[in-house]
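Student: All I have is the shape, not the residue letters:
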């Protein structure tokens, strides 16, 4: 489930939202790629657009900070 993604450099704000995702809520083709994921987490911008889908909250936070975003957890 590795795929490069690019976060827009001109983002209007520097906050991303992190939330857990159930694998069954994903489209079938994405479910097949995510079968080994144990803690599926989505990263969204303030407009609700999904920027990334990763395995683990820790990885989501690291990716956000690497791209100068401040991660905020959604429950």
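Tutor: Great, that's in hand. Given the structure is predicted, the values throughout are model-derived calculations rather than measurements. Numbers count the residues shown, from 1 in each chain.

Student: My guess is residue 15 contacts residue 72. True?
Tutor: Yes. With contact defined as C-beta atoms under 8 Å, residue 15 reaches residue 72; the gap is 5.8 Å. Backbone N, C-alpha and C define where each C-beta goes, glycine included.

Student: Give me the common contacts of these two.
Tutor: The contact sets of residue 15 and residue 72 do not overlap (C-beta atoms under 8 Å, 6 or more residues apart in numbering).

Student: For the protein, which segments count as strands?
Tutor: Along the chain, counting by DSSP state E, strands occupy 15-20, 40-44, 50-55, 70-73.

Student: Columns distance to residue 33 and mean neighbour count on top of those strands, output as TSV?
Tutor: Shown next, in TSV, are these (distance: least, C-beta to C-beta, whole Å; neighbours: other C-beta atoms under 10 Å):
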stretch	distance to residue 33	mean neighbour count
strand 15-20	17	17
strand 40-44	11	21
strand 50-55	9	18
strand 70-73	23	13
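
Student: Pipe these into JSON lines and attach distance to residue 64 and mean pLDDT per row.
Tutor: Formatted as JSON lines, the strands of the chain follow (distance: least, C-beta to C-beta, whole Å; pLDDT from 0 to 100):
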{"stretch": "strand 15-20", "distance to residue 64": "5", "mean pLDDT": "94"}
{"stretch": "strand 40-44", "distance to residue 64": "6", "mean pLDDT": "93"}
{"stretch": "strand 50-55", "distance to residue 64": "9", "mean pLDDT": "90"}
{"stretch": "strand 70-73", "distance to residue 64": "4", "mean pLDDT": "91"}
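
Student: Format those strands as CSV; extra columns: distance to residue 30.
Tutor: CSV is the format used below for the strands of the chain (distance: least, C-beta to C-beta, whole Å):
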stretch, distance to residue 30
strand 15-20, 15
strand 40-44, 10
strand 50-55, 7
strand 70-73, 22
